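*Asks:* how would this look folded up:
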Amino acid sequence: MGLWWVVAVTTAPSSPAPAEPAPAASADRAEQPGKIVLGPAARGRAVIVSEAGEVVAHVTLVPGRTTTVGVPAGHYRIESEGRRVAEVEVGAGETIDLARPPVLAAPLPPPRVDSVSSSVSSSVSSSVSSSPVPATTRPRSLAKANNWKRVVAPLLSAVLPGGGQVVTARPGRGMAFFAGTVGMTLGAARLWLSGDPTEGATRGDEGASQAQEAVRLGGFIALSGAAALMYVGQILDAYGGAVGKVGDGVVPHKNHVVAFELQRSATVGLAPSQPQYGQLPDYSLAVMGQVAPRVTVGASDLSIKREPDRGGVLVQGGLRSMYRFYARRRLWLSAGGGLVVQGTSARRQVAAVDPADIANAPDEGHFGAFGYAAFDTRIFVLDRWALFVVPRVSLPFTARRFGRDRTVPALATTFELALGGAVHF
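*Replies:* Take a look at the predicted model:
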């Protein structure tokens, strides 16, 4: 519909429906908006969506009361908890009465002794159902006209953060996304460039303290990860704005069977050079299945990394279990832990005069494992797409390798920050 309609939602005790207008007022009625009446035998939260896919109104229903939503003539559907409840066709000046829609049904309040009101309401309901609105009143052209936004909005946000929000008539949100993404990116770049790889390498140069270096790298990890999450999130939000899935219109897919996750975890650890601390990143995949309500179990931390100096590769994988103890609207909170094992193969580095001795040297393998406890904070941008932040504490039982010859010693407790995205099916 181009722009969202501003609707007036009124909540009041059940009252008689208006009488049929006189023939003389037929011309004025053609210009009047229609009405969708929900209740009094309904409860819960509902969303009214136009045929073009735009959210017209969010309604909270209270048993015993009616809620009236003014809408322009057209075809609408009522959704609740991500499910389609009903579809209605509203004509100009017409009132559609949904006293007890499926799914939203609630026990009827004690009946009022008002036979006149009941008879009038029944007559209005029957007149509405017996007078269908011509198909020409459906805004099919608007639905086709808005399809381009579903493609253009996310693409524009990918090129210019916040651009897709401007296309979907949310310029303030777009400016916030642009300022946040660019600001955090510049801040992360400033922290990264402030480090000097030759610091402390010359005589008399003490270099930065261990605390200063750890804080600098920790700030870089947090800012760079937050900038990446905001960049991906504003692309998904741009698509949501184009299809009418924003704010309370986003209904998380609680009954999902499997979730695919991509994450980047990073920590600060000892480095074999100056400065003494370095960033240790770890990119991995996870496939998590919901085996019971709120409980997920699956394969996690799946990755393959190169170790150039050792001439081999590092293969990593593990098991994770999480329990979702909070799920309200778009926010999920979970806690749990996992166990990860690592295996490497690399050629032993030996000093030999004869090249044949090097060629025949035995391979040196490595096996390691570490456990961790995690706290998952997840927010849904779309019904099935979520972004998460997972701080976790890891304990390596053996030396833990991060690839590219970066290692954390055994029994060195490590605090990590993992960020990523997930899609739920």
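
*Asks:* separation between residue 407 and residue 279?
*Replies:* Residue 407 sits 14 Å away from residue 279, going by Cβ to Cβ, to the nearest Å. No exception for glycine: its C-beta is placed from N, CA and C like everyone else's.

*Asks:* and the nearest residue to residue 262 once chain neighbours are set aside, what does it touch?
*Replies:* Residue nearest to residue 262 in three dimensions, not counting chain neighbours: residue 420, with 5.2 Å by Cβ to Cβ, 6 or more residues apart in numbering. Neighbour list for residue 420: 261, 262, 263, 264, 387, 388, 390 [criterion: Cβ atoms under 8 Å, 6 or more residues apart in numbering].

*Asks:* Next, the buried residues of stretch 411-418.
*Replies:* For stretch 411-418, the neighbour count (16 or more other Cβ atoms under 10 Å) marks 414, 416, 417, 418 as buried.

*Asks:* how about the helices in the chain?
*Replies:* Ranges of helices within the chain are 26-29, 115-130, 140-145, 147-159, 163-167, 171-193, 210-243, 355-359, based on DSSP state H.

*Asks:* Mind exporting the C-alpha coordinates of the fourth one to CSV?
*Replies:* Once side chains and other backbone atoms are set aside, the C-alpha atoms of helix 147-159 remain, and they are given as CSV (Å, rounded to 0.1, in the frame of the first residue of the first chain):
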residue,chain,number,x,y,z
ASN,A,147,7.2,-6.6,-4.7
TRP,A,148,10.3,-4.7,-5.9
LYS,A,149,11.0,-3.5,-2.4
ARG,A,150,11.7,-7.1,-1.2
VAL,A,151,14.7,-7.2,-3.5
VAL,A,152,15.8,-3.6,-3.6
ALA,A,153,15.6,-2.9,0.1
PRO,A,154,18.1,-5.6,1.3
LEU,A,155,20.4,-5.0,-1.6
LEU,A,156,20.5,-1.3,-0.9
SER,A,157,21.3,-1.9,2.8
ALA,A,158,24.1,-4.2,1.8
VAL,A,159,25.7,-1.4,-0.2
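
*Asks:* Please enumerate residues in contact with that helix?
*Replies:* By Cβ under 8 Å, 6+ apart, helix 147-159 touches 163-168, 177, 234-239, 241-243.

*Asks:* partners of the closest residue to residue 371 other than its chain neighbours in the sheet?
*Replies:* Take residue 371 and drop its neighbours on the chain: the residue closest to it by Cβ to Cβ, 6+ apart is residue 339, 5.0 Å away. Per DSSP bridges, the residues bridged to residue 339 are residue 319, residue 371.

*Asks:* ok, residue 339 - contacts?
*Replies:* Residue 339 touches 318, 319, 369, 370, 371, counting by Cβ under 8 Å, 6+ apart.

*Asks:* Number of residues surrounding the third one?
*Replies:* Residue crowding around residue 369 was assessed by other Cβ atoms under 10 Å; the count is 15.

*Asks:* and if you look at the first one?
*Replies:* When neighbours are defined as other Cβ under 10 Å, residue 318 has 20 of them.

*Asks:* With the fourth one instead?
*Replies:* By other Cβ under 10 Å, the residues close to residue 370 number 24.

*Asks:* Please name the nearest non-neighbouring residue to it.
*Replies:* Nearest to residue 370 is residue 396, by Cβ to Cβ, 6+ apart, at 4.1 Å.
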